[in-house]
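Participant: Turn this into a structure:
(one chain, ligands or ions: 1)
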Amino acid sequence: MSIPLEDYAMIGDTRTAALVSRSGDVDWLCLPRFDSPACFAALLGGPEHGCWSLAPRGEGWRATRRYVGDSLVLETVFEGPDGGSVRVVDCMPVRRHWPDLIRRVEGVTGRVSVRGLFTPRFDYGSTVPWFRHDGRRLHAVAGPDHLVLGCDLGLAPPRDGEDHVVTDFDVSPGEIVEFHLGWTTSERRDLPLDEPRDAVERTREWWREWAGRHRYQGRYDQAVTRSLLTLKGLTYAPTGGIVAAPTTSLPEKLGGVRNWDYRFCWIRDATFVLLALLDAGYREEARDWREWLLRAVAGTPEQMQIMYGVDGTRRLPETELDWLPGYAGSRPVHTGNEATNQFQTDVYGEVMEAMHLARLEGIPPDEDAWRLQRALMDFLESHWQDPDNGIWEVRGPRRHFTHSKMMAWAAGDRAVRAIEDISLDGPLDRWRRLRQEIRDEVCEKGYDPERETFTQYYGSRSLDASMLMAPEIGFLPADDPRMRGTVRAVERELTTDGLVMRYTMDKHTEQVDGLPEGEGAFLACTFWLADCYVLRGDVERGREVFEHLLDLRNDVGLLAEQYDPAAGRLMGNFPQALSHIPMVNTAFRLAEHDGEAGQRAARSRKRPEA
Ligand SMILES: OC[C@H]1O[C@H](O[C@H]2O[C@H](CO)[C@@H](O)[C@H](O)[C@H]2O)[C@H](O)[C@@H](O)[C@@H]1O
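Facilitator: Alright, predicted model coming up:
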């Protein structure tokens with residue numbers, strides 16, 4: 001049985017990220033960037049697929065861990081049955097040149113025997129490297145990759161016939177042993193590794209300074225700060241792109257086939273991150289993301305994709321890694337994502353919203369931005385009536401998804417507002433008419449008056465929790481009877497143990513999404529339900545849902561995409577931006593009601609039209 005996702009923590013350097021387990025194993029790390037092949041892939045198999053463990057020897061050790069202050073520096077304390085204890089500090093210095101990972105072991109009490117077991121496997125666990133010892137450091141090389149491992153104790157080369165490196169040592173109180181792992185390309189013979197001692201402190205300080213700049217002030221400060229740090233950790237600094245999660249193929253159902261690669265930039269997810277960061281006051285990241293977007297989508301609007309690689313790469317072919325058994329046996333394991341080629345109307349609304357808010361927030365204008373927006377509107381005017389794959393990226397036939405049309409309305413609305421509020425130049429009357437036409441159609445075809453709810457797609461009886469976003473985007477106020485009815489329907493038909501499934505799962509599901517049914521409750525949808533309560537004035541009910549979600553975070557404050565209420569486990573890729581974004585949003589919303597924070601971005605002042 002695989003290690004529960006709850007047992008993992010993320011460390012990262014804003015270019016890639018590693019998952020470290022509670023028992024001291026680095027089980028996932030892609031180098032040099034998020035979407036590179038993993039050199040430690042035990043997460044999706046076993047230690048033989050790449051793992052670096054560092055922990056006290058023997059049985060009976062109890063681990064407690066935390067991030068050191070507001071940082072991505074992880075500290076795990078192991079306490080032994082005989083009173084001995086040792087602290088392991090893990091971090092990835094925010095990168096200047098080469099990616100590196102530091103693991104520091106500190107003796108706390110007693111004399112403790114520690115074992116390091118270094119088993120790199122390149123290309124997602126498939127390639128055993130050649131090891132070389134240069135008298136000081138250990139080198140593991142294969143194909144394009146070269147890992148360099150240093151340790152102030154010195155390291156022995158692997159023993160004959162062995163393809164891993166064992167380091168046994170003892171530490172007493174106050175003693176420190178540091179390991180420093182760097183990556184470079186294989187043609188380089190060596191790597192100038194930084195002096196690690198103060199790298200840990202510098203890394204901690206870098207994150208502390210970043211976290212200290214947000215403007216949330218309220219009772220959920222710790223949760224908000226951790227979510228913001230996680231979102232920053234999912235940012236690819238060189239380009240401003242933001243990945244949906246640092247992992248691939250963590251299943252939406254244990255043993256299931258819904259296993260996808262999330263190490264890419266979805267326009268939708270990245271826009272939501274941007275809005276949360278803007279709310280929190282991070283304008284630099286917002287500006288970088290806007291620049292990334294403008295570069296990524298450059299070209300004709302017909303060619304705009306719903307996701308790109310971190311550097312704007314367009315082709316992300318979906319392939320199976322058939323040698324990996326998968327997390328808890330969940331196969332296939334994928335790299336790349338076929339959803340790249342889908343048509344999803346909502347992204348036009350998200351781009352229009354992001355650009356509009358960036359302006360309202362005073363992000364310095366970019367002359368290409370409005371030109372791009374006008375081109376997108378031209379495209380949307382003749383394509384909003386096309387069926388699409390929807391927010392959930394169904395792999396079944398395209399349909400008229402109600403959420404997609406609502407987001408087309410949002411695109412029209414932001415285009416109109418850009419002219420009305422900011423005096424940009426455009427066909428105001430035409431866009432006003434378009435906006436009205438879409439609204440009328442959605443309210444007629446996407447709403448079931450008999451059941452008093454918006455439905456998943458025109459004419460269907462299925463429900464979809466994405467409808468809960470209608471008040472947030474300004475389509476209808478939360479206390480509109482149609483929204484109240486939709487909330488009742490979601491409570492009745494999509495909610496299990498207080499958590500919301502994203503859409504109706506029944507015998508028709510496979511026809512709609514093209515995949516066998518079965519997955520956990522979708523955490524972002526549950527936050528959206530909380531938002532609906534708060535927005536219509538049921539603040540305590542919203543708070544209850546929010547605090548229930550807070551309880552699902554693991555001990556270091558991280559959430560996956562989904563939660564399986566029956567198994568009591570986090571499911572899906574981890575940690576997931578789409579879950580941490582609404583954590584920030586809902587906390588801001590509650591803070592406004594509590595009178596705790598009045599400085600949220602302009603977005604909160606926007607009120608839906610009836
Ligand atoms: O469930 C099928 C789809 O699942 C993935 O998409 C989900 O994750 C995306 C990234 O967070 C999110 O934007 C989308 O709304 C989610 O449904 C997967 O990437 C798709 O390939 C898959 O069809």
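Participant: Quick check on Glu561: phi, psi?
Facilitator: phi -70, psi -40 (degrees, to the nearest 10).
Participant: Give me the neighbour count for it.
Facilitator: Neighbours of Glu561 under the rule other CB atoms under 10 Å: 26. For glycine as for every other residue, the C-beta is placed from the backbone atoms N, C-alpha and C.
Participant: measure the closest residue to it other than its chain neighbours to Leu559 for me?
Facilitator: What sits nearest to Glu561 in space, not counting adjacent residues and going by CB to CB, 6 or more residues apart in numbering, is Gly572, at 3.2 Å. Relative to Leu559, Gly572 is positioned 10 Å away (CB to CB, to the nearest Å).
Participant: who are the neighbours in contact with Gly143?
Facilitator: 122-123, 127, 186 (CB atoms under 8 Å, 6 or more residues apart in numbering).
Participant: in what helix or strand does the residue nearest to Arg197 when sequence neighbours are not counted lie?
Facilitator: Distance criterion CB to CB, 6+ apart; nearest residue to Arg197, sequence neighbours excluded, is Glu178 at 7.0 Å. Assigned by DSSP states H and E, Glu178 falls within strand 176-185.
Participant: got the buried residues for the next helix or strand along the chain from that strand?
Facilitator: Moving toward the C-terminus from strand 176-185, the next helix or strand (DSSP H and E) is helix 197-211. Residues of helix 197-211 classed as buried by neighbour count (16 or more other CB atoms under 10 Å): 199-200, 203-204, 206-207, 210-211.
Participant: cool, and stretch 60-71?
Facilitator: Here stretch 60-71 shows 61, 63, 65, 67-68, 70-71 as buried, counting by 16+ other CB under 10 Å.
Participant: hmm, back to that, can you list the buried residues in the strand holding Glu178?
Facilitator: Neighbour counts over strand 176-185 (16+ other CB under 10 Å) mark 177-184 as buried.
Participant: picking that back up, closest one to the ligand out of the contacts of Gly143, please.
Facilitator: Of all those, the ligand sits closest to Asp123, with 22.2 Å by CB to the nearest ligand atom.
Participant: Just say helix, strand or coil for that closest one.
Facilitator: helix (DSSP: H, G, I helix; E, B strand; the rest coil).
Participant: quick one, what contacts the spatially closest residue to it that is not a sequence neighbour?
Facilitator: Excluding the flanking residues, the one nearest Asp123 by CB to CB, 6+ apart is Pro37, at 4.6 Å. Counting by CB under 8 Å, 6+ apart, Pro37 makes contact with 30, 122-124, 145, 335.
Participant: now, the most widely separated pair of the residues you listed?
Facilitator: Asp145 and Thr335 (15.8 Å; CB to CB).
Participant: next helix or strand past the helix or strand bottoming out on mean pLDDT in the chain?
Facilitator: Across the helices and strands of the chain, mean pLDDT, DSSP states H and E gives its lowest value to helix 509-513, namely a mean of 75. Sequence order places strand 521-522 as the next helix or strand after helix 509-513, per DSSP H and E.
Participant: quick one: that next one to chain centroid distance?
Facilitator: Centroid separation for strand 521-522 versus its chain: 15 Å, with CA atoms, centre = their mean, to the nearest Å.
Participant: ok, and the closest non-adjacent residue to Asn573?
Facilitator: Nearest non-adjacent residue to Asn573 (CB to CB, 6+ apart): Ala245, at 3.7 Å.
Participant: Now do the strands in the stretch 1-150 of the chain.
Facilitator: Using DSSP state E, counting those that start in this stretch, the strands of the stretch 1-150 of the chain run over residues 8-12, 17-21, 25-30, 38-40, 51-56, 62-67, 74-79, 85-91, 100-109, 112-119, 130-133, 138-142, 145-151.
Participant: quick one: contacts of the fourth one?
Facilitator: Surrounding strand 38-40, the residues in contact under the criterion CB under 8 Å, 6+ apart are 18, 26-31, 49-52, 120-122, 124-125, 145, 147, 183.
Participant: just those residues that are near the ligand?
Facilitator: Counting by CB under 6 Å from any ligand atom, nothing from the contacts of strand 38-40 sits close to the ligand.
Participant: what's the spacing between Asp413 and the ligand?
Facilitator: 21 Å (CB to the nearest ligand atom, to the nearest Å).
Participant: about what we covered before: near the residue nearest to Glu561, how many other residues are there?
Facilitator: Gly572 has 29 neighbours, counted by other CB under 10 Å.
Participant: That one touches Asp564, doesn't it?
Facilitator: No. If you go by CB atoms under 8 Å, Gly572 and Asp564 don't touch, sitting 9.5 Å apart.
Participant: what do those two both touch?
Facilitator: Gly520.
Participant: Quick one: name the residues of the protein near the ligand.
Facilitator: 244, 258, 260, 262, 266, 268-269, 337, 339, 391-393, 395, 578.
Participant: What are the structural domain limits within the chain?
Facilitator: 5-189+199-208, 213-605 (automatic domain parsing).
Participant: circling back to that earlier point, and the least confident helix or strand of the chain, what's buried?
Facilitator: In helix 509-513, counting by 16+ other CB under 10 Å, buried: 509, 512-513.
Participant: just checking, what packs against that helix?
Facilitator: With contacts taken as 3 or more CB pairs under 8 Å, 6 or more residues apart in numbering; DSSP states H and E, helix 509-513 sits against no other helix or strand.
Participant: From Pro173, how far off is Leu153?
Facilitator: Taking CB to CB, one finds Leu153 at 17 Å from Pro173.
Participant: what's the answer for Arg96, then?
Facilitator: Distance from Arg96 to Pro173, by CB to CB: 34 Å.
Participant: For Arg95, which non-adjacent residue is closest in space?
Facilitator: Nearest to Arg95 is Asp13, by CB to CB, 6+ apart, at 4.6 Å.
Participant: In terms of pLDDT, where does the one you found sit?
Facilitator: What the model reports for Asp13 is a pLDDT of 98.
Participant: count of neighbours near it?
Facilitator: When neighbours are counted by other CB under 10 Å, Asp13 registers 23.
Participant: re earlier: so the residue nearest to Asn573 lies in a helix, does it not?
Facilitator: No. Per three-state DSSP, Ala245 lies outside any helix segment and is coil.
Participant: hmm, back to that, in ChimeraX, select just the buried ones from the contacts of Pro37.
Facilitator: Buried members of the contacts of Pro37, defined by 16+ other CB under 10 Å, are picked up in ChimeraX with:
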select :30,122,123,124,145,335
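Participant: what would the contacts of Pro37 look like in a markdown table with distance to Met505 and pLDDT?
Facilitator: Putting those into a markdown table (distance: CB to CB, whole Å; pLDDT from 0 to 100) gives the following:
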| residue | distance to Met505 | pLDDT |
| --- | --- | --- |
| Cys30 | 32 | 98 |
| Phe122 | 39 | 98 |
| Asp123 | 36 | 98 |
| Tyr124 | 31 | 98 |
| Asp145 | 41 | 98 |
| Thr335 | 27 | 98 |
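Participant: mind checking the longest helix of this structure?
Facilitator: helix 402-422 (DSSP state H).
Participant: List the buried residues for that one?
Facilitator: Residues of helix 402-422 classed as buried: 402-418 (neighbour count, 16+ other CB under 10 Å).
Participant: can you check stretch 75-83 too?
Facilitator: Applying a neighbour-count criterion of 16+ other CB under 10 Å, one finds 75-80 buried in stretch 75-83.
Participant: possible to save those residues as JSON lines with pLDDT?
Facilitator: JSON lines is the format used below for those (pLDDT from 0 to 100):
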{"residue": "Glu75", "pLDDT": "98"}
{"residue": "Thr76", "pLDDT": "98"}
{"residue": "Val77", "pLDDT": "98"}
{"residue": "Phe78", "pLDDT": "98"}
{"residue": "Glu79", "pLDDT": "98"}
{"residue": "Gly80", "pLDDT": "97"}
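Participant: ok, so of those residues, who is nearest the ligand?
Facilitator: For those, the nearest to the ligand is Thr76 (28.6 Å; CB to the nearest ligand atom).
Participant: and the closest residue to Arg502 other than its chain neighbours, how many residues sit next to it?
Facilitator: Excluding the flanking residues, the one nearest Arg502 by CB to CB, 6+ apart is Phe522, at 4.0 Å. If you count neighbours by other CB under 10 Å, Phe522 ends up with 26.
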